[in-house]
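K.L.:
Whatever this is, show me its structure:
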Amino acid sequence: MGGGIIGGEYFLVRWYPHHKLAVKEEALKPVPYKNASLGVELQVAAGLSDHVETFPGGVRIYSSRFWSIGPSITLTSQPNPDQSAEFNPQILAKWETDGVTQDLPRYHFEHTRINNRDAVLIWQYKDVGMLLTGRFISPDRIVEADCTPGRADEDLYMQACDQTVRTIKVAGPESPPPAASGVLELAPGEQTPAKH
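P.N.:
Next up, the predicted model:
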């Protein structure tokens, strides 16, 4: 019995934290992905990228789970009819206030620049769990990324979603420098903590 207690203590104190860290590092390891038809290139966290399923106008990258809904990211792309390099201020204002006006739980809005594109990040609780939506605009196209941990470890896979979405590069002509609006420019690989 004493041996069992010592073994259990070793498991809890020594082995488990190292195992948990290794699982986290493996799940967050970046895997390159490029889709020319959608005009996107990104580094997908390995924990999201077991399978790739294409559909008209988009792609779903996901990790399957037995008896549960696994984490996934869905990318869609559509032409930008206005050929604007920045989102319309009225649309931005609507997205920013949706959490209050629609009483959406755990809603957080961030307007930023990612890889020289005007971008919006929205966190909210939807259906079975948290959802991170990233929207990117270039003169050629508008790209949307919807990433969710499903029913997997929310903290770990929301971090994987945030890390993945912040690497998205949208193909096409360079966007002109932004108007002086106080928008934060993120360098490639730089992250700000997700608020959700």
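
K.L.:
Okay, now the unreliable bits of the protein?
P.N.:
Scanning the chain for pLDDT under 70 picks out 1-19, 66, 179-196.

K.L.:
ok, which stretches of it are helices?
P.N.:
Listed in chain order, the helices of the chain (DSSP state H) span residues 2-10, 16-28, 89-101, 154-165.

K.L.:
nearest to residue 75, of the ones you listed?
P.N.:
Of all the helices of the chain, it is helix 154-165 that lies closest to residue 75, at 9.7 Å by C-beta to C-beta. The C-beta positions use only the backbone N, C-alpha and C, and glycine is treated the same way.

K.L.:
just to revisit the earlier point, TSV for the helices of the chain, including mean neighbour count and distance to residue 63?
P.N.:
Listed next are the helices of the chain as TSV, based on neighbours: other C-beta atoms under 10 Å; distance: least, C-beta to C-beta, whole Å:
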stretch	mean neighbour count	distance to residue 63
helix 2-10	9	31
helix 16-28	12	9
helix 89-101	13	28
helix 154-165	22	9
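
K.L.:
Dump these to TSV, plus distance to residue 118.
P.N.:
What follows is the helices of the chain, written out as TSV (distance: least, C-beta to C-beta, whole Å):
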stretch	distance to residue 118
helix 2-10	52
helix 16-28	26
helix 89-101	9
helix 154-165	14
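
K.L.:
And the ones you listed: which comes nearest residue 107?
P.N.:
Nearest to residue 107 among the helices of the chain is helix 89-101; the distance by C-beta to C-beta comes to 2.9 Å.

K.L.:
Could you report the distance from the residue nearest to residue 71 when sequence neighbours are not counted to residue 23?
P.N.:
Closest residue to residue 71 in three dimensions, ignoring its sequence neighbours and counting by C-beta to C-beta, 6 or more residues apart in numbering: residue 157, at 4.3 Å. Going from residue 157 to residue 23 by C-beta to C-beta, to the nearest Å gives 12 Å.

K.L.:
And the closest residue to residue 139 other than its chain neighbours, how far from residue 157?
P.N.:
In space, and not counting its chain neighbours, residue 139 is closest to residue 83: 4.7 Å by C-beta to C-beta, 6+ apart. Here the criterion is C-beta to C-beta. By it, residue 83 lies 35 Å from residue 157.
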